[in-house]
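Novice: Here's a sequence, model it:
(one chain, ligands or ions: 1)
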Amino acid sequence: MRHSSFLEVNFRLLSENMEKIRRLSGKAQIIPMVKADAYGNGMIPVTQFLVQEEKIKKIGVATLGEALKLSKECPDLDTEYIVFSDTEMSDSQHRSAYQDYNITPVIHQPEDLNHFLGDERLRDTPLILKLNTGMNRLGFTLQELQDGIPRLKNRGIQHLMTHFAYSYVTQKAGDKTSRQYEEFKKAQKLLSDSGVTVEETSVSNSGALEQKIGIEETYVRPGLMMCGPYSVEPRIWDGHQISKLVTKVIKTFPVKKGTPVGYGINVAGEDGFIAVLPVGYGDGVSTFFSGVKLTVNGLPCSIFARVNMDMCFLLFSPDAAGKIKTGDVVEIWNHDNRVITDIATQMKTIPYALMCGITGRIPRIYKIK
Ligand SMILES: *Cc1c(COP(=O)(O)O)cnc(C)c1O
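Specialist: As a prediction, the model looks like this:
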């Protein structure tokens with residue numbers, strides 16, 4: 001086990017986030033999204049915690065492979081897995097997996113509805129249908145829904161859902177989120193007018209839930225906010241970042257203005273003080289971290305020169321000499337959810353991508369307290 005560098009995931013903080021999410025959600029039940037290895041935090045331990053400690057009854061993933069992994073590796077968990085995007089419905093063998101492992105696909109296009117309704121083995125699998133209300137990625141258009149009505153009438157829809165494209169922006173009357181929601185209501189009316197039953201509904205991801213949009217539906221589907229980062233700016237969600245990315249200084253040295261450091265010819269623009277960290281793009285600290293400003297042990301610094309596969313450099317001002325030493329612990333991000341967002345913003349990306357980018361070379365360490 002590697003000790004210098006790790007991602008520490010704190011379940012007490014996850015639990016506090018879940019409590020806050022419950023308060024935001026009102027009567028709506030929570031379907032936590034744990035796709036992409038629970039946003040890099042570890043899908044299996046996070047799911048075990050959510051089901052065993054937080055009493056979660058439905059878990060959302062993106063791919064059938066993720067659901068199968070959960071179902072096979074956690075045979076004792078009493079929960080349903082829902083596959084939201086890569087359902088692999090066209091393959092007969094894959095379809096039988098749904099029946100065998102208590103997994104439910106989200107039907108998001110007419111071809112898949114044909115496969116779903118045409119397969120006797122899925123007779124008792126609940127029908128979850130996704131609508132395209134304006135995101136224009138997956139989901140039935142209103143027209144496709146209309147065309148499907150004769151067949152939907154017999155089966156009924158267990159859970160009707162849609163996904164917002166713009167929920168990280170504060171909602172205003174008439175904006176994209178509002179229009180998507182109106183479209184969702186229109187589809188519901190179309191279905192009820194045509195005699196198609198809809199038992200349950202959901203619309204909210206984190207950005208929507210932060211603003212309490214969609215909490216009157218049956219479920220909410222938070223992913224990001226559970227892990228800590230906020231979507232809506234200015235910040236409403238003050239959850240904890242459940243992970244912190246920790247590493248350790250392996251070497252320090254002063255540099256004179258004009259000295260090249262590492263690969264290529266990245267020269268120090270001023271005299272400075274360098275700390276070498278044993279993390280690089282092989283760990284998920286991608287080359288785009290170059291230039292990011294951080295605060296380490298209270299001192300401002302930046303990730304300097306090219307990020308290597310196994311290492312990167314922090315550049316401090318010369319007075320860091322004596323204050324930053326070999327063996328010092330460095331938290332690239334910590335449990336304050338503003339830090340990872342600040343880094344992501346500097347990199348012109350989003351916290352999702354930073355968390356999902358942490359590779360398997362970084363051990364995940366779970367703390368309960
Ligand atoms: C990923 C996903 C979510 C969660 O989104 P966050 O922004 O991480 O909260 C919700 N619903 C669906 C369908 C998703 O694919």
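Novice: Specify the next element, helix or strand, located C-terminal of the host helix or strand of Pro150.
Specialist: In this assignment (DSSP states H and E), Pro150 forms part of helix 142-155. The helix or strand immediately downstream of helix 142-155 is strand 157-162, counting by DSSP H and E.
Novice: that older thread, helices and strands around the helix holding Pro150, which ones?
Specialist: For helix 142-155, the packing partners by 3 or more Cβ pairs under 8 Å, 6 or more residues apart in numbering; DSSP states H and E come out as helix 110-117, strand 128-131, helix 176-193. The way it works is simple: take the backbone N, C-alpha and C, and place the C-beta from them, glycine included.
Novice: Can you give me the buried ones in the next helix-or-strand element following the last one?
Specialist: On the C-terminal side of helix 176-193, the closest following helix or strand by DSSP H and E is strand 198-202. Judged by neighbour count using 16 or more other Cβ atoms under 10 Å, the buried positions of strand 198-202 are Val198, Thr201, Ser202.
Novice: Take the helices and strands packed on helix 142-155 and write them to CSV, including distance to Pro260.
Specialist: Formatted as CSV, the helices and strands packed on helix 142-155 follow (distance: least, Cβ to Cβ, whole Å):
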stretch, distance to Pro260
helix 110-117, 56
strand 128-131, 53
helix 176-193, 48
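Novice: The chain against the ligand: which residues are in contact?
Specialist: Residues of the chain found near the ligand (Cβ under 6 Å from any ligand atom) are Met33, Lys35, Phe84, His163, Asn205, Ser206, Arg221, Pro222, Gly223, Leu224.
Novice: 5 Å instead, please
Specialist: Met33, Phe84, His163, Asn205, Ser206, Arg221, Pro222, Gly223, Leu224 (Cβ under 5 Å from any ligand atom).
Novice: So which of those residues are in strands?
Specialist: Per DSSP state E, strands hold the following members of those: Phe84.
Novice: Would you map out the domains in the chain?
Specialist: As assigned by automatic domain parsing, the chain contains the domains 11-227, 243-367.
Novice: Turn those into TSV, including mean pLDDT.
Specialist: Output for the domains of the chain, formatted as TSV (pLDDT from 0 to 100):
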stretch	mean pLDDT
domain 11-227	97
domain 243-367	97
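Novice: which stretch among those domains comes nearest Arg235?
Specialist: Among the domains of the chain, domain 243-367 comes nearest to Arg235, with 7.1 Å by Cβ to Cβ.
Novice: before we move on, the earlier item: TSV for the domains of the chain, including distance to His3?
Specialist: Output for those, formatted as TSV (distance: least, Cβ to Cβ, whole Å):
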stretch	distance to His3
domain 11-227	18
domain 243-367	8
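Novice: Quick one, which of those domains gets closest to Arg2.
Specialist: Closest among the domains of the chain, using Cβ to Cβ: domain 243-367, at 5.6 Å.
Novice: Please report the distance of Glu210 from Met225.
Specialist: 6 Å (Cβ to Cβ, to the nearest Å).
Novice: residues shared between the contacts of those two?
Specialist: Ser231, Trp237 (Cβ atoms under 8 Å, 6 or more residues apart in numbering).
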